[in-house]
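**Q** Would you be able to build a 3D model of this:
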Amino acid sequence: MTAPRLPDLLVTGTDTGVGKTVIAAALVLARRESGVRAIGFKPAESGLDGGATADSAILAAASGIAEPLAAPVAQLHEPLAPAVAAERAGVAIDVAAIEERVRSLRAAGWSIVVEGAGGVLVPLAWGYTALDMAERLGLEAVVVARAGLGTLNHVQLTVEALRQRAVPVRAVVLNGRGPSPDLAESTNPAALRRLLPGVRIIEMPRHDTEEPLEAARRTAPGLAGL
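**A** The predicted model follows:
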């Protein structure tokens, strides 16, 4: 009997800088390890002036492809929401091209992990958010959040927004728990399980590497099955 197809995912955050790229790459690696033909896709990428490896390049490496088959529809230099960065650069982000890319990859047999930009309501283009994309493309959400203080509110707001649009929440990943967790890091997982019954809450430790792909490799086993 053929195993059921894993859902295509949206990896979204409660904020910027919570580790979405590492988690998205880890999800791709975890799926590939289980024999799934998985690929990562970041539709709109901004902040390319910082000198760090582009998120799309990290996803391409995790996907095991020499060239980014699912290259971003838009790559922008300023570290701003994609819609704002695009407007300042005098370009328009093609929403139809984003959705067509996902449909084409899906039709070609790929299991897709789509990484958003910042939080779920950040505009990828004016009038179009990651939430719109997830709803229209039938994606399930993995919410990446900080492990520490403040995350209860941010996670609940994000999950509520997803649920209002009937986007299934596959898991919440509390990312970057320290080796000696503080009080908030220690109590947040149980609090979220109580506040969000039925939602899988996953704790991920802070890794002692600044290399994103290596961090993704260390993270992937904890995301098996997603």
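**Q** Helices of the protein, residue ranges please.
**A** Ranges of helices in the chain, per DSSP state H, are 20-33, 55-63, 82-89, 95-107, 130-137, 151-164, 183-195, 212-219.
**Q** List of residues touching the fourth one?
**A** Put plainly, it is helix 95-107. Helix 95-107 has contacts (C-beta atoms under 8 Å, 6 or more residues apart in numbering) with 8, 39, 41, 43-44, 69-70, 73, 112, 114, 124-125, 128, 133, 136-137. Any C-beta I mention is one placed from the backbone N, CA and C, and that applies to glycine too.
**Q** export the helices of the chain to CSV and tack on distance to R206?
**A** Converted to CSV, those look like this (distance: least, C-beta to C-beta, whole Å):
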stretch, distance to R206
helix 20-33, 11
helix 55-63, 18
helix 82-89, 28
helix 95-107, 31
helix 130-137, 25
helix 151-164, 14
helix 183-195, 10
helix 212-219, 9
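**Q** Mean pLDDT and distance to A145 for these - can I get that in TSV?
**A** As requested, those are exported to TSV (pLDDT from 0 to 100; distance: least, C-beta to C-beta, whole Å):
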stretch	mean pLDDT	distance to A145
helix 20-33	97	10
helix 55-63	95	18
helix 82-89	97	21
helix 95-107	97	24
helix 130-137	98	15
helix 151-164	98	5
helix 183-195	97	9
helix 212-219	95	15
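**Q** and these, which is most packed in?
**A** helix 20-33 (a mean of 26; mean count of other C-beta atoms under 10 Å).
**Q** Distance from the chain centre to that helix, please.
**A** Centroid separation for helix 20-33 versus its chain: 9 Å, with C-alpha atoms, centre = their mean, to the nearest Å.
**Q** Against which helices or strands is it packed?
**A** Counting contacts by 3 or more C-beta pairs under 8 Å, 6 or more residues apart in numbering; DSSP states H and E, helix 20-33 packs against strand 9-13, strand 38-41, helix 55-63, strand 111-119, strand 140-146, strand 169-177, helix 212-219.
**Q** Using TSV, lay out the ones you listed together with distance to A86.
**A** Shown next, in TSV, are the helices and strands packed on helix 20-33 (distance: least, C-beta to C-beta, whole Å):
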stretch	distance to A86
strand 9-13	19
strand 38-41	18
helix 55-63	16
strand 111-119	11
strand 140-146	24
strand 169-177	28
helix 212-219	24
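**Q** Chain neighbours aside, what residue packs nearest to L121?
**A** Using C-beta to C-beta, 6 or more residues apart in numbering and skipping the chain neighbours, the partner closest in space to L121 is T129 (5.2 Å).
**Q** is it true that the one you found touches E135?
**A** No. Between T129 and E135 there is no contact under C-beta atoms under 8 Å: 9.5 Å.
**Q** Could you pull up the residues touching the residue nearest to L121?
**A** Applying C-beta under 8 Å, 6+ apart to T129 gives the contacts V120, L121, V122, P123.
**Q** Check the gap between the second one and W110 for me.
**A** Spelled out, it's L121. Separation of L121 from W110 (C-beta to C-beta, to the nearest Å): 27 Å.
**Q** count of residues packed around the closest residue to E135 other than its chain neighbours?
**A** Among residues not flanking E135 along the chain, R165 sits closest, at 4.7 Å (C-beta to C-beta, 6+ apart). Other residues within reach of R165, judged by other C-beta atoms under 10 Å, total 14.
**Q** got a list of what R165 touches?
**A** L131, A134, E135.
**Q** follow-up on the earlier one: which of the contacts of helix 95-107 scores worst on pLDDT?
**A** Checking pLDDT across these, the minimum falls on L69 at 82.
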